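Undergrad: Pasting the sequence and the predicted model now:
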Amino acid sequence: MVRTRFAPSPTGYLHIGNIRTALFNFLFARQAGGNFLLRIENTDPLRARPEYEKTILEDLEFLGLLWDDRPLRQSERGAIYQMYAEGLLEEGHAYRCYCSKERLEELRRTRLARGRPPVYDRRCLNAREPSPHGEGHVIRFCMPPEKIVFIDRVYGRLGFSGKDMGDFIILDSTGRATYNLACVVDDATMGITHIIRGEDHLPNTPRQIALIRALGFTVPEYIHLPLVTGHDRKPLGKRHTEASIKELKKEGYLPIAILNCASKLGWHTEGLLSLEEMVDRFSPENLSKSPSVFDRGMLKRLNKTAIERASAEELLRHLDGLTVYNKERLIPVIEAVKENAETLRDLEGLVISILKRPCPDEKMKGMLGGSTEVLKDALEAIEAAKELDENIFDTIIEGLKKGGRKRKDVFMPLRVALTGTTRGIELSRVFALLGRDEVIVRLKEALEEVEQWV
């Protein structure tokens, strides 16, 4: 059975690039009828925070990327990593290193000065006793010198020289497992068959393959994804807060829009796909080898399409700011205004502009200054009408334009008086949603305010 995993570190908020990795793991597993697992890589006590882990889980649930089984936490598995490290020691695949930090730094400088890779010189490989200059010890893995070759389903056949990598640390001086050992042990014990992750992990792959072979595990298949960058052309990271899922949720982006935007970062798809459609169409062989740039403009376009396609009932579940209004009143208004919204924040504002009477302020005063006659004429015409349908609306507008008034000199003050905004749905639809009586009330209130300002 295919088993993939998403393994975030709770040292910051998930961004759109992280979600692309999670999504592709999810799609690959679900397409094969397999399992999508979640691992929290929280072994760094100085940087990992519970609040970040909580947000990671919430973000994945928000996006519908639900994992199988309970999340695995590396912080709970220290004894397991130590057991495997001891096994490597016993079988001669690892050794204790007592070299001081000063000696290691000097070794690094010397090798770089000579144009050689800054790898460890194996001074402690056959040591039986601690060095008198040592400060505790670490455990190093004996990296085999031969070339390690593997097939990546995006980049093809890749090879790395083991001798250029040196003997890397698998347990630090505190007894804590380093990334490569913990990753290998977890992937094996979780039964991971396919590893889908960013290309920044490519240098780790030969080290991990060597560890996998030494431990007698099965080497999984690898699918490395090109990096996602911001518009500064730097890989997305924690400094790109505008790309965090937490921020995108706050700004009013729907889950399906975020997922589609993430999917297009290296995978060419047309239009807005459902998660089920993505599962059916996904193929690692169709992924690009080139870095992708997170395009907020594309996300907005996708979100606008998602809002247009969604039912009012579905959208209402995401509009927490409208809970004070009656649902029966909300549904038709949401349906009427949703095509004018790019984000849920826009949608909420449009709905409120219909359901809530404008609150006069200095901004509204400036927009309605000099419009008293237009508002009076509009009020008189509407009061004379028995109802407000599209034909009557057109007749009223044409009447207001007589005498040389321009279209904007009629529409703008009416829109501001009725909604408190300068933008929104067509004015005829505003009239229809409000109804004759409410239009009259709002125009009278606006006129009262305007006359007080004069």
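TA: Noted; the coordinates are in hand. Numbering: from 1, shown residues only.
Undergrad: and the next element down the chain from the helix or strand of the chain with the lowest mean pLDDT?
TA: In the chain, no helix or strand scores lower on mean pLDDT, DSSP states H and E than helix 362-368, which sits at a mean of 71. Using DSSP states H and E, the helix or strand that follows helix 362-368 towards the C-terminus is helix 372-384.
Undergrad: Skipping its backbone neighbours, what lies nearest Arg197 in space?
TA: Counting by Cβ to Cβ, 6 or more residues apart in numbering, Arg197 lies nearest to Thr21, which is 6.0 Å off, once chain neighbours are set aside. To be clear about C-beta, it is placed using only N, CA and C from the backbone, and glycine gets the same treatment.
Undergrad: right, and the one you found touches Phe6 too?
TA: Yes. Here Thr21 reaches Phe6: they are 6.4 Å apart, a contact under Cβ atoms under 8 Å.
Undergrad: Please identify which of these two sits among more neighbours.
TA: When Thr21 is set against Phe6 and neighbours are counted by other Cβ atoms under 10 Å, the residue ahead is Phe6, at 26 against 20.
Undergrad: Need the pLDDT of that one.
TA: Per-residue confidence at Phe6 stands at 98 (pLDDT).
Undergrad: Which residue, other than its chain neighbours, is closest to it?
TA: Ala22 (4.2 Å).
Undergrad: can you check Thr421 too?
TA: The spatially closest residue to Thr421, leaving aside those adjacent along the chain, is Ser353, at 5.2 Å (Cβ to Cβ, 6+ apart).
Undergrad: Now the residue nearest to Arg197: which helix or strand?
TA: Thr21 belongs to helix 16-31, assigned by DSSP H and E.
Undergrad: which secondary structure elements does whatever helix or strand comes next after that helix contact?
TA: Proceeding C-terminally, helix 16-31 gives way to strand 35-40 as the next helix or strand, assigned by DSSP H and E. Applying 3 or more Cβ pairs under 8 Å, 6 or more residues apart in numbering; DSSP states H and E, we find strand 35-40 packed against strand 3-6, helix 16-31, helix 50-63, strand 72-73.
Undergrad: Identify the neighbouring strands of the first one in the sheet and state each direction.
TA: Strand 3-6 has its sheet partners listed here by DSSP bridges as strand 35-40 (parallel).
Undergrad: And for the strand it pairs with, what's in contact with it?
TA: Applying Cβ atoms under 8 Å, 6 or more residues apart in numbering, the contact partners of strand 35-40 are 1-10, 25-26, 29-30, 53, 56, 60, 65-69, 71-75, 186, 190, 192.
Undergrad: what's the single longest helix in the protein?
TA: Looking only at the chain and at elements set by DSSP state H, the helix with the highest residue count is helix 436-453.
Undergrad: buried ones in it?
TA: Using 16 or more other Cβ atoms under 10 Å as the test for burial, helix 436-453 gives 436, 439-440, 442-443, 446-447, 449-450.
Undergrad: Output that helix as CSV, restricted to C-alpha atoms.
TA: Included here for helix 436-453 are C-alpha records, laid out as CSV according to Å, rounded to 0.1, in the frame of the first residue of the first chain:
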residue,chain,number,x,y,z
ARG,A,436,-39.1,50.4,-1.8
ASP,A,437,-39.7,51.1,1.8
GLU,A,438,-36.1,50.6,2.9
VAL,A,439,-34.8,52.7,0.0
ILE,A,440,-37.1,55.5,1.1
VAL,A,441,-36.0,55.2,4.8
ARG,A,442,-32.3,55.3,3.8
LEU,A,443,-32.7,58.3,1.5
LYS,A,444,-34.6,60.2,4.1
GLU,A,445,-31.8,59.5,6.7
ALA,A,446,-29.1,60.6,4.2
LEU,A,447,-31.0,63.8,3.4
GLU,A,448,-31.4,64.6,7.1
GLU,A,449,-27.6,64.2,7.6
VAL,A,450,-26.7,66.2,4.5
GLU,A,451,-29.0,69.1,5.5
GLN,A,452,-27.3,69.2,9.0
TRP,A,453,-23.9,69.4,7.3
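Undergrad: Which other helices and strands does it contact?
TA: Checked by 3+ Cβ pairs under 8 Å, 6+ apart, helix 436-453 has helix 362-368, helix 372-384, helix 407-419 packed alongside it.
Undergrad: Run through who's touching that helix.
TA: Counting contacts by Cβ under 8 Å, 6+ apart, the residues outside helix 436-453 that touch it are 357-358, 360, 364-365, 368-369, 371-372, 375-376, 378-379, 382-383, 385, 387-388, 416-418, 431, 434.
Undergrad: ChimeraX command for the buried members of those residues?
TA: Applying 16+ other Cβ under 10 Å to the contacts of helix 436-453 leaves a buried subset, and the ChimeraX line that selects it is:
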select :358,360,364,368,371,372,375,378,379,382,388,416,417,418,431,434
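Undergrad: Between helix 407-419 and the longest helix of the chain, find me the angle.
TA: Angular relation of helix 436-453 and helix 407-419 on a 0 to 180 degree scale: 100 degrees, by axes from the mean of the first three to the mean of the last three Cα atoms, to 10 degrees.
Undergrad: host element of the residue of the chain most remote from its centre?
TA: Here the chain reaches farthest from its C-alpha mean at Gly403, the gap being 54.5 Å by Cα atoms, centre = their mean. Secondary-structure element containing Gly403, defined by DSSP H and E: none, the residue being outside all helices and strands.
Undergrad: And it, what's its pLDDT?
TA: Gly403 is assigned a pLDDT of 74 by the prediction.
Undergrad: Point out where the stretch 351-454 of the chain drops to low pLDDT.
TA: Within the stretch 351-454 of the chain, the segments meeting pLDDT under 70 span 360-363, 365, 453-454.
Undergrad: Let me see the contact set for the closest residue to Cys124 other than its chain neighbours.
TA: Across the structure, with Cβ to Cβ, 6+ apart as the measure, the residue nearest Cys124 apart from its sequence neighbours is Cys97 (4.3 Å). Applying Cβ under 8 Å, 6+ apart to Cys97 gives the contacts 120, 123-124, 137-140, 167, 169.
Undergrad: these two touch, right, Gly252 and Leu344?
TA: Yes. Taking contact to mean Cβ under 8 Å, the distance of 3.2 Å between Gly252 and Leu344 places them in contact.
Undergrad: Identify the contacts common to these two.
TA: When contacts are counted by Cβ under 8 Å, 6+ apart, Gly252 and Leu344 are jointly contacted by His318.
Undergrad: higher neighbour count, the two?
TA: A count of neighbours by other Cβ under 10 Å puts Leu344 above the other of Gly252 and Leu344, at 25 against 20.
Undergrad: Show me what the residue nearest to Cys124 bridges to in the sheet.
TA: Judged by DSSP bridges, the bridge partners of Cys97 are Val138.
Undergrad: if we can go back for a sec, buried ones among the contacts of Cys97?
TA: Members of the contacts of Cys97 that pass the buried threshold by neighbour count (16+ other Cβ under 10 Å) are listed as 120, 124, 137-140, 167, 169.
Undergrad: what would these look like in CSV with distance to Leu299 and pLDDT?
TA: Below are those laid out as CSV (distance: Cβ to Cβ, whole Å; pLDDT from 0 to 100):
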residue, distance to Leu299, pLDDT
Tyr120, 45, 93
Cys124, 52, 92
His137, 50, 92
Val138, 44, 95
Ile139, 45, 97
Arg140, 45, 97
Asp167, 45, 95
Ile169, 41, 96
